[in-house]
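Student: Task: produce atomic coordinates for the following.
(one chain, ligands or ions: 1)
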Amino acid sequence: MIGESAITSRDAGDPLAHFREAFLRPEGIIYLDGHSLGMMPVATQTVIQNVLSKQWGHDLIQSWNRHDWIGAPARIAGKLAALIGANPHEVMVADSTSINLYKLIVGACLARPERRVILAAEGDFPTDLYMIHGALKALSGDRELKLVPRAALNDALTPDVALLVLTQVDYRSSEVAEMEALCSRARALGVLTLWDISHSAGAVPVSLNKAGADLAVGCCYKYLNGGPGAPAYVFVAERWHGEIVSPLQGWMGHAAPFAFEAGYRPASGVANFQCGTPPILSLLALEVGIDLARQADVAAMAEKARGLGDLFIELTAPHCQKFGVSLASPAAGEMRGGHVALRFPAGYALSQALIARGVIGDFREPDFLRFGFSPLTLTYGEVAKAANIFNETIEKRAWDNPVFRRRALVT
Ligand SMILES: Cc1ncc(COP(=O)(O)O)c(C=O)c1O
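Tutor: Coordinates of the predicted model:
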């Protein structure tokens, strides 16, 4: 078992250690929920205060031009592109991940009218599957959703499939899909691929173009620290520009929004995936998070997330084995995303008991506890401390208290 001095020396040699100071860190907690809502950068307060007082508060509507509010979605998307292995002109920041899924699912199906199947993984993130069902209702024809276990996706890629929709990192188990292999087989069969990389960006290396991905979406409020409900992004590989277009024909996706033409003309490239007026306050808060992540080396972030997860697994494994907790994530770091999932029958109560002791993780049905290892905000020392608290809580059955079984709306 790794000793205290080894943990201290890991922190001393951590090339990302200085990023910690860039985040607001409330006293008395160890925050292991960056996979759900990332911490707030200190600079976000100043930026938003400035936008409120000097821009909206003073320059009012002139800010759209004077402070380039109108250019914010494309500018921020251009910065984000470097973090996901895309070119700046292939990414747009807009709407939520759910809405972006809808735009791309419908856009892709309309570009493949002769194929009737959408392929996805059983148990994938609910919104992805809900949006597919919704899109199928809106699309004409006898299209259908085919669900198979993640491990069977490769074999289920057949020439009648129009589109594969898949989260790269499974939101429960944290298992990482083989993006490059799936893209390569899909491409050979003429199947389009749509990746949800919400749990990837900022935690695992993502190279959309290198892998040959066609389309992608993702959240910015997780490892990118963009703030609650931060706008999401769309990626459309250049080869599909003009062919896969957004079905939501809002004026901000028009080629000339301020020409107020009677008819819709889509903006070229990925720009037509904008729809309505961009949420400036949220966008400018998001830009702070993206700017911070861009200062860090993507490979170093992935390596640290993995290292922190490995440490947590190592330090909790003996207690897990003894007290009926099972590891639901791959033990091998390279197969795992930024979080580690454990399963325990009283998982919700255990997660609440940990929160009561300052270790903030989250819970997903039916019995998954998730602990996220955000590489910019955590130290190895904190993770070791969290593991100790976990071990004590499980050993003393501190979770076995009716208070911890009371369900909140958000888990
Ligand atoms: C994999 C994945 N996709 C989509 C979403 C939801 O996206 P949104 O609520 O921004 O539409 C989440 C939220 O946690 C997620 O984990």
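
Student: quick one: average confidence on stretch 318-328?
Tutor: Model confidence over stretch 318-328, given as mean pLDDT, is 96.

Student: Please enumerate residues in contact with it?
Tutor: Taking contacts as Cβ atoms under 8 Å, 6 or more residues apart in numbering, the residues outside stretch 318-328 that touch it are 172-174, 313, 316-317, 340-345, 368, 390-391, 394-395. Glycine gets a C-beta too; all of them are placed from N, C-alpha and C.

Student: out of these, which are inside strands?
Tutor: For the contacts of stretch 318-328, membership in strands holds for Val340, Ala341, Leu342, Arg343, Phe368, with DSSP state E as the criterion.

Student: continuing past the longest helix along the chain, what's the next helix or strand?
Tutor: Among the elements of the chain assigned as helix by DSSP state H, the one spanning the most residues is helix 298-323. Of the helices and strands lying after helix 298-323 in sequence (DSSP states H and E), the nearest is strand 326-327.

Student: What strands line up against that following strand, and which way round?
Tutor: Strands that pair with strand 326-327, judged by DSSP bridges, come out as strand 339-343 (antiparallel).

Student: Which secondary structure elements does the next helix or strand after the strand it pairs with sit against?
Tutor: With elements assigned by DSSP H and E, the helix or strand that comes after strand 339-343 is helix 347-356. Other elements packing on helix 347-356 under the criterion 3 or more Cβ pairs under 8 Å, 6 or more residues apart in numbering; DSSP states H and E are strand 362-364, strand 368-372, helix 380-395.

Student: Give me the buried positions along helix 347-356.
Tutor: For helix 347-356, the neighbour count (16 or more other Cβ atoms under 10 Å) marks Gly347, Tyr348, Ala349, Leu350, Ser351, Gln352, Ala353, Leu354, Ile355 as buried.

Student: Just give the closest residue to whatever residue of the stretch 151-300 of the chain ends up closest to the ligand, not the sequence neighbours.
Tutor: Closest to the ligand within the stretch 151-300 of the chain is Ser198: 3.8 Å, counting by Cβ to the nearest ligand atom. The shortest distance from Ser198 to any non-neighbouring residue, by Cβ to Cβ, 6 or more residues apart in numbering, is to Cys219 (4.0 Å).

Student: Quick one: neighbours of the closest residue in space to Ala346 that isn't next to it in sequence, just the number.
Tutor: In space, Ala346 comes closest to Trp399 once its chain neighbours are excluded; the distance is 5.8 Å by Cβ to Cβ, 6+ apart. The criterion is other Cβ atoms under 10 Å. On that basis, Trp399 has 20 neighbouring residues.
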